[in-house]
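Chemist: coords please:
(2 chains)
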Amino acid sequence: MKVVLSNYRCFRQATLNLTPLTVIVGPNASGKSTIVSALDPALSIGERDVWQRRSGTNAVVRRERDGVVSGFDSASGWLGMASFRFQRLQLDIGKVRQPNQVQSASLLDVSGVNLTNVFATLPRKVQGQLSEEFCRFVPVFSDVNARPGDTGQHRLVFQDRWNPDVWYEPGEVSDGSLLTLAFLTLQYQQPSVDVIALEELERGLHPYLVGELVSLLRRLARGEVGRGPMNVVLTTHSASLLEFALPEEVRLLCRQDDGSVDIREVPSGTAEWRQTFEEYGRSFGAVWLSGGLGGVP
Amino acid sequence: MKRFVLYAEGAGELGSTPGHPLAPGRVLPAELEGPAHVLVRRCCRELLDVAEHALRFEAPLRHAAREVRGGDLRNSKVLRRVLHWADPSMRPDVAIVLVDQDGEEDRRSRLATWIGDPLPTTPVVLGVAVEEFEAWLITDHAAVNLVLELREDPWVKTESMRPGHAKERLGRLVQASRRGASAPELRLELAKQLDLQRARAASRSFDRFITDLKQAVARH
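Modeler: Alright, predicted model coming up:
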């Protein structure tokens, strides 16, 4: 999938080439969320979205996926109907903890507020698989389930590994545990989506879990797990997440002198990259923190 | 345009730093250039025929997200890392590492071994001031008297001063100065006014630095 951004917010002229898993790296206010919005088939562009709000300037987001063009042109409107299904996740841990009014839900909401419903909607066998997988990631638990409460609500509960009589309420388990469950749920969503964008995956997660989840999302993107290949886009400014990314998966957002943002790929084919990567003990995060790749404040 | 990056041990060489350091690769504005930048600029302009506008300093790489400090230049791993730019488009034409000898006679050979094994793709100029950078700044006795508005008698060759002595002497001279300027301003002014040829003749370490700088610039 390829996305061309022209005069759209901070992107004056930039092209984003997506790999199955793409990791967007940049400082705060460098346009990471803008890229996620550009991926959304429902995107429309208003005057406030035009580069430096210049009047008479035309802002365009043009996507190409499987030969189908879609996007939006601020002058002429829709460029074409997108043929892909899109999901954006910016999990809000306070909402993820909330009990849900019981109803069927096949897709996780952007904030993760309906995680209990999505879990409970899965077939029992799949719930078991998901629970088993979750407990491998967070081995202080031995099971997870949805438990009915009052007034038609239900919430997730987590079983203590060492005392099966103890079930923890959502408010009693760590942020990272709930976020991990939400991320693991993505592979079982039915129907599946074609493009998933996850913002700041690493927030609240131990670096070990970050590595495991990046690996899972790569397999999800390649179609090795889940319901078929898709594009998974992660946004981050975490050096520890970068340790688990492949150079060809990373896109760096670099602010230019005129205030616009450029999207750079890692020059992994160059002698400079190879030498530098070795000097830094093959630590992608450390190379990025040096500032020699761009994508830093 | 010749793009330079300069690593040195402290504010005495590098001058003031902004509250929020510049991202690596950003052009260093003139007001953030210190005495060492000024010396390099002057050497390029006056001795190597590089036009003023054809040279710029860029913000150096960082180590673990923070600015490189003097102690980092004493760590072989960190020193080598900050001389490697992962993106060829961000790589400067010349990287300068400027340190004090500080009584360690083998410092140059040790640093040269660290830097050269294997050589980075970026040309590196290693300057080791004997015994310290301040010795270069006060090498030209006449310039010191002019800048500080003093009438001091000539002193011995600064390279024969014991470690720390040139720094102390400069400190005393600055205190005695009738100029009414701050120490950083006076250091900067000394770098602007000292006679480069006289300094080369009086300081072997400065002469060697200029010779190495010339070779690195000529390669580009």
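Chemist: Show me which helix runs longest in the chain.
Modeler: All of this refers to chain A. Among all segments of chain A classified by DSSP state H, the helix with the greatest residue count is helix A:207-222.
Chemist: right idea, wrong chain: chain B
Modeler: Max-length helix for chain B by DSSP H is helix B:204-219.
Chemist: How about exporting that helix as CSV, limited to the C-alpha atoms?
Modeler: This file holds the C-alpha atoms of helix B:204-219, laid out as CSV (Å, rounded to 0.1, in the frame of the first residue of the first chain):
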residue,chain,number,x,y,z
ARG,B,204,53.2,21.9,17.9
SER,B,205,49.9,20.4,18.9
PHE,B,206,48.0,23.3,17.3
ASP,B,207,50.2,23.1,14.2
ARG,B,208,49.5,19.4,13.9
PHE,B,209,45.8,20.0,14.3
ILE,B,210,45.9,22.5,11.4
THR,B,211,47.9,20.1,9.3
ASP,B,212,45.4,17.3,9.9
LEU,B,213,42.4,19.7,9.3
LYS,B,214,44.0,20.7,6.0
GLN,B,215,44.3,17.1,4.9
ALA,B,216,40.8,16.3,5.8
VAL,B,217,39.4,19.4,4.1
ALA,B,218,41.5,18.7,1.0
ARG,B,219,40.1,15.2,0.7
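Chemist: could you give the mean pLDDT of that helix?
Modeler: Computed over helix B:204-219, the mean pLDDT rounds to 94.
Chemist: roughly how far out does it sit from the chain middle?
Modeler: Centroid displacement of helix B:204-219 relative to its chain, using Cα atoms, centre = their mean, to the nearest Å, is 12 Å.
Chemist: Would you mark the buried spots in stretch A:93-109?
Modeler: A:93, A:96, A:97, A:98, A:99, A:100, A:102, A:105, A:107, A:108, A:109 (16 or more other Cβ atoms under 10 Å in any protein chain shown). All C-beta atoms are positioned from the backbone trio N, CA, C, and that covers glycine.
Chemist: which residue is nearest the middle of chain B?
Modeler: residue B:36 (3.4 Å; Cα atoms, centre = their mean).
Chemist: Quick check: it vs residue A:228, distance?
Modeler: 59 Å (Cβ to Cβ, to the nearest Å).
Chemist: one step back: farthest pair within the buried residues of stretch A:93-109?
Modeler: A:93 and A:102 (21.8 Å; Cβ to Cβ).
Chemist: Leaving out chain neighbours, which residue sits closest to residue A:122?
Modeler: In space, residue A:122 comes closest to residue A:188 once its chain neighbours are excluded; the distance is 5.6 Å by Cβ to Cβ, 6 or more residues apart in numbering or on different chains.
Chemist: Quick check: the one you found touching residue A:126?
Modeler: Yes - here residue A:188 lies in contact with residue A:126, judged by Cβ atoms under 8 Å, at a distance of 5.2 Å.
Chemist: Spit out the contact partners of the residue of the stretch 51-200 of chain A found nearest chain B.
Modeler: Taking Cβ to the nearest Cβ, chain B has its nearest neighbour within the stretch 51-200 of chain A at residue A:200, 17.7 Å off. Counting by Cβ atoms under 8 Å, 6 or more residues apart in numbering or on different chains, residue A:200 touches A:90, A:235, A:236, A:238.
Chemist: Which pLDDT value goes with the last one?
Modeler: Meaning residue A:238. Looking at residue A:238, its pLDDT is 93.
Chemist: What residues does chain B have near chain A?
Modeler: Proximity of chain B to chain A, by Cβ under 8 Å from any Cβ of the partner chain, involves residues B:23-25, B:59, B:61-65, B:80-82, B:84-91, B:120-121.
Chemist: what about residue B:143, neighbour count?
Modeler: Look at residue B:143: counted by other Cβ atoms under 10 Å in any protein chain shown, it has 20 neighbours.
Chemist: again, but for residue A:259
Modeler: 10.
Chemist: Is the helix or strand containing residue A:23 positioned near chain B?
Modeler: In the assignment (DSSP states H and E), residue A:23 maps to strand A:21-25. No - applying Cβ under 8 Å from any Cβ, one finds strand A:21-25 separated from chain B by no less than 12.8 Å.
Chemist: for that strand, packing partners?
Modeler: helix A:207-222, strand A:231-236, helix A:239-242, strand A:250-255 (3 or more Cβ pairs under 8 Å, 6 or more residues apart in numbering or on different chains; DSSP states H and E).
Chemist: Could I get these in JSON lines, plus columns for mean neighbour count and distance to residue A:60?
Modeler: Formatted as JSON lines, the helices and strands packed on strand A:21-25 follow (neighbours: other Cβ atoms under 10 Å in any protein chain shown; distance: least, Cβ to Cβ, whole Å):
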{"stretch": "helix A:207-222", "mean neighbour count": "19", "distance to residue A:60": "27"}
{"stretch": "strand A:231-236", "mean neighbour count": "25", "distance to residue A:60": "20"}
{"stretch": "helix A:239-242", "mean neighbour count": "21", "distance to residue A:60": "30"}
{"stretch": "strand A:250-255", "mean neighbour count": "23", "distance to residue A:60": "19"}
